[in-house]
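Colleague: Kindly return the folded structure for what I paste below:
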Amino acid sequence: MSDDYDSQAGLAPAGLAPAAPAPAPDHRWLILGVIALAQLMIVLDATIMNIALPSAQNDLGFSIVDRQWVVTAYALAFGSLLLLGGKLADLFGRRLMFIVGLIGFAAASAVGGAAVNFGMLVTARAAQGLFGAMLAPAALSLLAVTFTDTNERGRAFGVFGAVAGAGGAIGLLLGGILTEYLNWRWCLYVNLIFAGIAVIGALMLLHRQAPSSTRPKLDLPGAALVSGGMFCIVYGFSNAALHNWHAPSTWGFLAAGVVLLAGFVWRQYTAPEPLLPPWIVADRTRGGAYLTMLLAAIGLFGIFLFLTYYLQQTLGFSPLMSGVAFLPMVVCLVLSSATANVVLMRRVGPRPLAPTGLLLAAVGLVLLTRIGVDTSYASHVLPSLLIIGFGFGMVFAPVFNSGTFGVGPQDAGVASATINTSQQLGGSIGTSLLNTIFAGAVTGYIAAHVSPATLVNGRPSPQLTGVALVHGYTTAFWWSAAILTVGAIAALILFRSGPLGESGDQHPAEPAPAIATAATTTPAIDD
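Modeller: Numbers count the residues shown, from 1 in each chain. Below is the predicted model:
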């Protein structure tokens, strides 16, 4: 049962009690701050622990092989449960799932920060992923149903897209500061501050809607199929990054994931109340948004991963300075996101913006292939980061906006979960695919250039190893640029021309004026 209603029309759907009185319109922007803070916590948590891992490893005494599980446990739980979390938000209310997700995420972070052994830390990270899967779709769907006026929606999604795109870089910076000046445990404890502020804001600003007298059914077989399929896919790609593509634990899980997801698709077409109604994905604009997010996440992950390695291992930057090095990209991303979604989106729609942004990011990655062992940050890295920031700013906000557009409040949670799933799956694919390409390029370069003159005590010299690593980074950048180019082509084909609402399909069961036009009444702000 949902505690939401049609805020765009100001009317409750059949079966719901009348809505609670809406707060003053200005409160919408306070709600945006609460939602953006929760989204920032989720996104930065995917990267903040990367900086802290060496310190945590020394403190708790786990191996380098085990270290990857601190990241993988979070990704597995988060990625496999997102669609279920989105549907639960639709059934039981976005406000409830938002608050439960915040409290659970904070509790798991506290346990992880207090971990006394490796098992306790990994369990806490998995719990973070579980509650994050409740929180992320609830946050995005709250944004979608709160801001319905065309102009306000553009500004709100501009802020949200900037946070989603820049959160990874902010995580690197914050992780470096906390690890260097406090200790690695504060990379988890800091979530208590974020979550505490967001919970207080949610309790004060989000109103609870009276429950419905009828309770829609949860598609349990569909939930089991998609959760199992996503788990196998994410685990398979993570295993490929740890081992190789030929390992049975890699291709076996990937094959099982494909079969389970195929079963999920079949189930959605036959279930009386599907977990993910097929019409949501079948729409060209929303489907294009989900695919664009998937491919953009692969490329973005390649930038964060290998550029961080280059800055620290080759240029000798500290973790803190590595985080600071990404700040120009964050600034450009925020400015570009605001411009794209506030000024351009309502005039031209997503079709010109997303492909252009992806191509700009691809150009920035191509420029990064100029790096060498002795090149400087200012001349060879900074210009690329500025271009990449502007490019991704034109992608994330319009894509988040498009992926939730034209969907009524009763399905906003699962639509939000779908775009979050695309982002999470893209990160997992980027981890494994680009790591494999990087490792192969480094090994191949050393094998092709090794000679008695380049050996030191029977091993490749530091000079040869350094050049080989740079070759691996540039190879990964070329592949990332190619993936983003494919994403630009796909976005150009799939997105419709024109502003949202002028040419988008509307499901017959959805009230077309609710989201396709600006609200004529004061939008009600609830969950």
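
Colleague: which element is Val373 on?
Modeller: Using DSSP states H and E, Val373 falls within no helix or strand.

Colleague: How many neighbouring residues does it have?
Modeller: With neighbours defined by other Cβ atoms under 10 Å, the count for Val373 comes to 12. Placement of C-beta: from N, CA and C, glycine included.

Colleague: Hmm, it is touching Val470, no?
Modeller: Yes: between Val373 and Val470 there is a contact at 5.7 Å, judged by Cβ atoms under 8 Å.

Colleague: what's the overlap in contacts for those two?
Modeller: Thr314 (Cβ atoms under 8 Å, 6 or more residues apart in numbering).

Colleague: Would you mind listing the buried residues in the helix or strand hosting Glu152?
Modeller: Here Glu152, judged by DSSP H and E, is contained in helix 150-181. Buried residues in helix 150-181, counted by 16 or more other Cβ atoms under 10 Å: 150, 152-179.

Colleague: tell me the mean pLDDT over it?
Modeller: If you average the pLDDT over helix 150-181, you get 77.

Colleague: Show residues contacting the following helix or strand past it.
Modeller: Sequence order places helix 186-205 as the next helix or strand after helix 150-181, per DSSP H and E. Residues outside helix 186-205 that contact it (Cβ under 8 Å, 6+ apart): 23, 27, 30-31, 33-34, 37-38, 40-41, 45, 48-49, 51-52, 95, 98-99, 102-103, 105-106, 109-110, 112-113, 124, 128, 174-175, 178-179, 525.

Colleague: can you state the direction angle for helix 186-205 and helix 150-181?
Modeller: Interaxial angle, helix 186-205 versus helix 150-181 (axes from the mean of the first three to the mean of the last three Cα atoms, to 10 degrees): 150 degrees.

Colleague: ok so, going back, just the buried ones from the contacts of helix 186-205?
Modeller: For the contacts of helix 186-205, buried by 16+ other Cβ under 10 Å: 23, 31, 34, 37-38, 40-41, 45, 48-49, 51-52, 95, 98-99, 102-103, 105-106, 109-110, 112-113, 124, 128, 174-175, 178-179, 525.

Colleague: So for the longest helix along the chain, what gets flagged as buried?
Modeller: Ranked by number of residues, the top helix in the chain under DSSP state H is helix 412-449. Buried residues in helix 412-449, counted by 16+ other Cβ under 10 Å: 412-438, 441-442, 445-446.

Colleague: ditto for stretch 373-393
Modeller: For stretch 373-393, by 16+ other Cβ under 10 Å, it's His380, Val381, Ser384, Leu385, Leu386, Ile387, Ile388, Gly389, Phe390, Gly391, Phe392, Gly393.

Colleague: Check stretch 197-206 too.
Modeller: So for stretch 197-206, counting by 16+ other Cβ under 10 Å, buried means Ile197, Ala198, Val199, Gly201, Ala202, Leu205, Leu206.

Colleague: Can you get me the centre-to-centre distance for that stretch and its chain?
Modeller: 23 Å (Cα atoms, centre = their mean, to the nearest Å).

Colleague: Keeping just the C-alphas, turn that stretch into PDB.
Modeller: Extracted C-alpha coordinates of stretch 197-206, given in PDB (Å, rounded to 0.1, in the frame of the first residue of the first chain):
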ATOM      1  CA  ILE A 197      20.500  15.400   9.200                       C
ATOM      2  CA  ALA A 198      18.500  13.700   6.500                       C
ATOM      3  CA  VAL A 199      16.300  11.800   8.900                       C
ATOM      4  CA  ILE A 200      15.400  15.000  10.900                       C
ATOM      5  CA  GLY A 201      14.600  16.800   7.600                       C
ATOM      6  CA  ALA A 202      12.500  13.900   6.400                       C
ATOM      7  CA  LEU A 203      10.500  13.700   9.600                       C
ATOM      8  CA  MET A 204       9.900  17.500   9.600                       C
ATOM      9  CA  LEU A 205       9.200  18.000   5.800                       C
ATOM     10  CA  LEU A 206       7.600  14.800   4.400                       C
END
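
Colleague: and that stretch, average pLDDT?
Modeller: Rounded mean pLDDT across stretch 197-206 is 89.

Colleague: re earlier: format the buried residues of stretch 373-393 as TSV; extra columns: distance to Ile193.
Modeller: Shown next, in TSV, are those (distance: Cβ to Cβ, whole Å):
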residue	distance to Ile193
His380	37
Val381	31
Ser384	33
Leu385	28
Leu386	31
Ile387	34
Ile388	30
Gly389	27
Phe390	31
Gly391	32
Phe392	27
Gly393	27
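
Colleague: Out of the residues you listed, the closest to Leu83 would be?
Modeller: Nearest to Leu83 among these, counting by Cβ to Cβ, is Phe392 at 24.7 Å.

Colleague: which ones are touching that closest one?
Modeller: Contacts of Phe392 (Cβ under 8 Å, 6+ apart): Gly165, Ala296, Leu300, Leu333, Ser336, Gly357, Ala361.

Colleague: report the angle between the axes of whichever strand or helix holds it and helix 150-181?
Modeller: Element membership of Phe392 [criterion: DSSP H and E] is helix 382-403. For helix 382-403 against helix 150-181, the angle by the same axes, to 10 degrees is 130 degrees.

Colleague: so how far is helix 382-403 off the chain centroid?
Modeller: 13 Å.

Colleague: CA-only coordinates of that helix, as PDB, when you get a sec.
Modeller: Extracted in PDB, the C-alpha atoms of helix 382-403 (Å, rounded to 0.1, in the frame of the first residue of the first chain):
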ATOM      1  CA  LEU A 382      43.500  19.200 -15.800                       C
ATOM      2  CA  PRO A 383      42.300  20.100 -19.300                       C
ATOM      3  CA  SER A 384      40.800  16.600 -19.700                       C
ATOM      4  CA  LEU A 385      39.000  16.800 -16.400                       C
ATOM      5  CA  LEU A 386      37.400  20.100 -17.200                       C
ATOM      6  CA  ILE A 387      36.100  18.700 -20.500                       C
ATOM      7  CA  ILE A 388      34.900  15.500 -18.900                       C
ATOM      8  CA  GLY A 389      33.200  17.400 -16.100                       C
ATOM      9  CA  PHE A 390      31.200  19.600 -18.600                       C
ATOM     10  CA  GLY A 391      30.400  16.500 -20.600                       C
ATOM     11  CA  PHE A 392      29.000  14.400 -17.800                       C
ATOM     12  CA  GLY A 393      27.100  17.300 -16.400                       C
ATOM     13  CA  MET A 394      25.100  17.300 -19.700                       C
ATOM     14  CA  VAL A 395      24.300  13.600 -19.200                       C
ATOM     15  CA  PHE A 396      23.400  12.800 -15.600                       C
ATOM     16  CA  ALA A 397      20.700  15.400 -14.800                       C
ATOM     17  CA  PRO A 398      18.800  14.900 -18.100                       C
ATOM     18  CA  VAL A 399      19.100  11.200 -17.900                       C
ATOM     19  CA  PHE A 400      17.700  11.000 -14.300                       C
ATOM     20  CA  ASN A 401      14.900  13.400 -15.400                       C
ATOM     21  CA  SER A 402      14.000  11.400 -18.500                       C
ATOM     22  CA  GLY A 403      14.200   8.000 -16.700                       C
END
